[in-house]
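In: Predicted structure and sequence below. I'll ask about it afterward.
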Amino acid sequence: MSPTTPTPRQFLATAPAGTRVVVRYRIDGGFTDALGDLLACGETECTVRTRRSDVGIPLDLVVAAKQVPPAPPRRGARPTPPGTG
């Protein structure tokens, strides 16, 4: 017997805080994704820290969730070519 895949809600409830996740959830007119670090998951809502803000997502609206690899390192500013700055 093979292990069953957890539901998105089960995954979020058992993933440790700090896990990098993508969560797809319903919004008016369609779906959207939150990509970032899972901060917490309670009985009715999970919170994901995205680049822009902390997003509270009602678990009843979640349709998919999974762990994703760490974000690539951010590139530094490009040096200004000589004679242009």
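Out: Great, that's in hand.
In: Okay, now the unreliable bits of the chain?
Out: 1-2, 84-85 (pLDDT under 70).
In: how about the strands in it?
Out: 20-27, 30-41, 45-49, 54-58, 62-67 (DSSP state E).
In: Now render those as a markdown table, adding mean neighbour count and distance to Thr4.
Out: Quick note: C-beta positions are derived from backbone N, CA and C, even for glycine. Shown next, in a markdown table, are these (neighbours: other C-beta atoms under 10 Å; distance: least, C-beta to C-beta, whole Å):
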| stretch | mean neighbour count | distance to Thr4 |
| --- | --- | --- |
| strand 20-27 | 17 | 20 |
| strand 30-41 | 16 | 19 |
| strand 45-49 | 20 | 21 |
| strand 54-58 | 15 | 23 |
| strand 62-67 | 16 | 15 |
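In: Could you dump those into TSV with distance to Pro81 added?
Out: Formatted as TSV, those follow (distance: least, C-beta to C-beta, whole Å):
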stretch	distance to Pro81
strand 20-27	36
strand 30-41	34
strand 45-49	37
strand 54-58	39
strand 62-67	41
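In: Quick one: closest of these to Arg78.
Out: Of all those, strand 30-41 sits nearest to Arg78, with 25.3 Å by C-beta to C-beta.
In: Can you tell me what sits against stretch 50-68?
Out: 8-9, 11-12, 15, 19-27, 31, 34-36, 39, 41, 43-49 (C-beta atoms under 8 Å, 6 or more residues apart in numbering).
In: so who does the residue at minimal distance from the centre of the chain touch?
Out: Centroid check for the chain by C-alpha atoms, centre = their mean gives Leu35 as the closest residue, at 2.9 Å. Counting by C-beta under 8 Å, 6+ apart, Leu35 touches 21-22, 48, 50, 68.
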